[in-house]
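> Sequence and predicted structure, then a few things I'm wondering about:
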Amino acid sequence: MWAERAPPAYGAPLAGSGGIAPRTLHEAPLLVGNQEFRIGIADALGGAPAALVFAFAPGPPGQFLGLLPIHVALVPPPILVPMALSGSGAGNGHATLALPIPADPALRGAPLHHQAIVLDAGAPGGVAGTSGAGGVIL
C-alpha cells in the first residue's frame, strides 16, 4: 500500500557499464513524520562514486548536462549528497540514504524531487543517471 504513494518516476535514465541503467529506490511515501523514508540507488556500477541530487521542482524537458538528461530543476541550485556505492561490477552498485521526514505540519505540500548520478566510464560521457522522481510531501 505504501508503494502506491511513493514518489512517481519520470524521464529516461542514461545507462552505464554493461548497458545497465541505474535506478532509484523509493517505496515509502513522502509523508510528514515518516521516519522510515529512504532513497536508494541500485543497478549502478559497483564501487563507483555517485550523488543523489535533490531539488524543489522537476527539470524542464530536454535539459541535459552533456549527454546526461537532468530531471531536476537547476534553479535554485539543487542539493547534492555524495555517496559511495557498494558492490562490484556493472549493475551491482547500490547505496541507501535515510532521509527521515520531520513531523512538522509546515512541510505538508512542500515539493521534493530527486535523481541519482553515477560516475561510470562505461556510460556515454562517463556519467550514468537515473530517471527523476518526486512529488509533494503529504
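The structure has been received and is ready for your questions. Numbers count the residues shown, from 1 in each chain.

> Any regions of this structure where pLDDT drops low?
Within the chain, the ranges that satisfy pLDDT under 70 run 1-5.

> at 90 instead, please
Along the chain, the model assigns pLDDT under 90 to residues 1-9, 26-30, 36.

> Go ahead and flag the most central residue of it.
Q115 (2.9 Å; CA atoms, centre = their mean).

> For that one, give me its contacts.
Neighbouring residues of Q115 by CB atoms under 8 Å, 6 or more residues apart in numbering: G11, T24, L52, V53, I70, H71, V72, G129, T130, S131, G132, A133. Backbone N, C-alpha and C define where each C-beta goes, glycine included.

> So what sits opposite it in the bridge?
V53 (DSSP bridges).

> any idea how far A103 is from it?
Look at Q115 and A103: by CB to CB, to the nearest Å, they are 27 Å apart.

> ok, now A9?
Here the distance between A9 and A103 works out to 27 Å (CB to CB).

> more neighbours, these two?
A9 (16 against 11; other CB atoms under 10 Å).

> Is it possible to mark the buried ones in the contacts of Q115?
Taking 16 or more other CB atoms under 10 Å as the criterion, what is buried in those is G11, T24, L52, V53, I70, H71, V72, G129, T130, S131, G132, A133.

> which of these sit farthest apart?
Spanning the widest gap among these are G11 and L52, at 15.4 Å by CB to CB.

> got the buried residues for stretch 51-70?
By neighbour count, with 16+ other CB under 10 Å as the criterion, the buried positions of stretch 51-70 are A51, L52, V53, F54, A55, P58, G59, L68, P69, I70.

> Mind putting these into a markdown table with distance to L107?
Shown next, in a markdown table, are the buried residues of stretch 51-70 (distance: CB to CB, whole Å):
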| residue | distance to L107 |
| --- | --- |
| A51 | 23 |
| L52 | 19 |
| V53 | 20 |
| F54 | 14 |
| A55 | 16 |
| P58 | 19 |
| G59 | 22 |
| L68 | 30 |
| P69 | 28 |
| I70 | 25 |
